[in-house]
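Enquirer: my questions are about this predicted structure, shown below with the sequence.
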Amino acid sequence: MSNESATIVQKLWNFCNVLRDDGVSYADYVEQLTYLLFLKLADEQTKPPFNKPPTIPADLDWESLLKESGTELEAQYVKILRELSNAQGLLGVIFRKSQNRIQTPANLQRLIHLINAENWSGMTADIKGTIYEGLLQKNAEDTKSGAGQYFTPRPLIKAMITVMRPSPMRTVCDPACGTGGFFLAAHDYISENYSSMMTREQKEFLRFNTFAGTDIVDNVVRLCVMNLYLHGIGGTESPITTADSLSRDPGNRYDMVLTNPPFGNRSNITISTDGSKRNSASLTYERDDFWATTSNKQFNFLQHIKTILKTDGRAAVVLPDNVLFERGAGEIIRQQLLKQFDVHTLLRLPTGIFYAQGVKANVLFFDKRPASEEPWTQKLWIYDLRTDKRFTLKTNPLTDTDLQDFIAVYKPENREARIETERFRVFSYNELIEREHVNLDIFWFNEDSFEDVADLPTPDVLVGEITKNLEAALAQFQNIQAELDNQK
């Protein structure tokens, strides 16, 4: 982050501490900033040198806020939020279900003046976007807000993008998009590697047609859309929609899927083939395009991703450990994935890199292939970044450097040239399919083999891991109970 960006982030964030005394949470503060920044940017676009027609009615624009104070200011702000929440297109997404969370008019006026002091349109998209990303990261660091669940570590995203190598005129989807980290990294990669040779058509496609995302949480969609908007991505229509991705096959197919789906144990709604809906933690998604019916969200996202990929499309998906070994539906899904897709790479991630404690996760890379009698997976290469690796969010965070070896051995330009290393091992299709329950939870290291063994994880990490294991076990027992109840 540049000094200019860091200074503005700190200035805006310092004011958040003032608002906390007014009962405004970190998440609410970022939400209010989003509304006000959008209004300010829209106002700047109507003035020189842009001189664009206004997109917001005069009685609801930024200028209407600047001339008010006290209770009149609060009333005007509430009016703006209420009326713009019913707008169409991008406006409607940004202001959907918007409410004023700042209860003291004087604090609202101070925040407006703080934003008004900057010329946001005069900043490059990189600077504006970096400022907003900085605020989102600070929000994620506040573990009490729960926002961390939407924030994938940026070094991990960057590494995934580097090996996936998105290119112009290819679509990218994230069905659980959070605040849009994968989109921004993919956009940066394409811009940095192809900008000098891109045609006008390719540049317009990159801005308006490359990305498509979905998230089930209104406020998260708002943050994602604003994040993309500040980075110069999108137009008058939002590339992001608020919806339950798992509810149905959307019909659209994409060249690439990059995602970190939520790690909850269960889906809480059933969408049957007849379109009916029933709310119950014991029910599941029933889709004709799924290989197996299960209440496990991660397996359902994995099945959804295989549906929305184009033939020869590619995916990189962050998944928890249970996807690698859980029995029942999990075994069926792993068998089918290995047979019908080229599942070529698995990155085993260390703990301590996510804001949720104790998360054991992996990145699974696979390509969709045409129908075939023979299995498409020939070799699965597994990279172990977990054994003897200890990270924490504050004192020893994951960095770009930690993933350089993985990128190097991955050989994105020619996977056929891969060679085994101490941390990178290859397993044949027959070896995988013959493992009990097609268990892909594979390790070959013994930590005692390392000369310099790191300290044990901190107590909070250990407790988090135990909690996750207990939750997974409970979910399996609940599945069994539900099946027994259905047999009565």
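Expert: Looks like it arrived, so ask away. Numbering: from 1, shown residues only.
Enquirer: below-threshold pLDDT in the stretch 51-200 of the chain: ranges please.
Expert: 142-150 (pLDDT under 70).
Enquirer: go again with 50.
Expert: Residue ranges of the stretch 51-200 of the chain with pLDDT under 50: 145-147.
Enquirer: all helices in it, in order from the N-terminus.
Expert: With helices called from DSSP state H, counting those that start in this stretch, the stretch 51-200 of the chain shows them at 62-66, 70-84, 89-94, 105-116, 125-141, 154-164, 181-194, 200-208.
Enquirer: for residue 355, which of those is the nearest?
Expert: Nearest to residue 355 among the helices of the stretch 51-200 of the chain is helix 125-141; the distance by CB to CB comes to 5.6 Å. Placement of C-beta: from N, CA and C, glycine included.
Enquirer: return the closest one as PDB; C-alpha atoms alone will do.
Expert: Taking C-alpha atoms only, helix 125-141 is exported to PDB below (Å, rounded to 0.1, in the frame of the first residue of the first chain):
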ATOM      1  CA  ALA A 125      -8.300   3.200  -9.700                       C
ATOM      2  CA  ASP A 126      -5.400   1.400  -8.000                       C
ATOM      3  CA  ILE A 127      -5.200   4.000  -5.200                       C
ATOM      4  CA  LYS A 128      -9.000   4.100  -4.600                       C
ATOM      5  CA  GLY A 129      -9.200   0.400  -4.700                       C
ATOM      6  CA  THR A 130      -6.200  -0.100  -2.400                       C
ATOM      7  CA  ILE A 131      -7.800   2.300   0.100                       C
ATOM      8  CA  TYR A 132     -11.000   0.400   0.100                       C
ATOM      9  CA  GLU A 133      -9.200  -3.000   0.300                       C
ATOM     10  CA  GLY A 134      -7.300  -1.700   3.300                       C
ATOM     11  CA  LEU A 135     -10.500  -0.800   5.000                       C
ATOM     12  CA  LEU A 136     -12.000  -4.300   4.200                       C
ATOM     13  CA  GLN A 137      -8.900  -5.900   5.600                       C
ATOM     14  CA  LYS A 138      -9.100  -3.900   8.800                       C
ATOM     15  CA  ASN A 139     -12.700  -4.900   9.100                       C
ATOM     16  CA  ALA A 140     -11.700  -8.600   8.600                       C
ATOM     17  CA  GLU A 141      -9.100  -8.300  11.400                       C
END
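Enquirer: give me the below-cutoff pLDDT ranges for the stretch 351-488 of the chain.
Expert: By pLDDT under 50, the weakly predicted segments of the stretch 351-488 of the chain are 451-455.
Enquirer: if we can go back for a sec, tabulate the helices of the stretch 51-200 of the chain (a markdown table), appending mean neighbour count and distance to residue 255.
Expert: A markdown table is the format used below for the helices of the stretch 51-200 of the chain (neighbours: other CB atoms under 10 Å; distance: least, CB to CB, whole Å):
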| stretch | mean neighbour count | distance to residue 255 |
| --- | --- | --- |
| helix 62-66 | 18 | 39 |
| helix 70-84 | 16 | 34 |
| helix 89-94 | 19 | 24 |
| helix 105-116 | 17 | 38 |
| helix 125-141 | 21 | 24 |
| helix 154-164 | 21 | 10 |
| helix 181-194 | 21 | 11 |
| helix 200-208 | 15 | 12 |
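Enquirer: can you tell which of these is closest to residue 350?
Expert: So among the helices of the stretch 51-200 of the chain, helix 154-164 is nearest, using CB to CB, at 10.5 Å.
Enquirer: contact partners of that closest one?
Expert: Residues outside helix 154-164 that contact it (CB atoms under 8 Å, 6 or more residues apart in numbering): 137, 181-182, 185-186, 188-189, 256, 258, 314, 316, 318, 345, 349, 353, 363, 365, 398-400, 402-403, 406-407, 410, 412.
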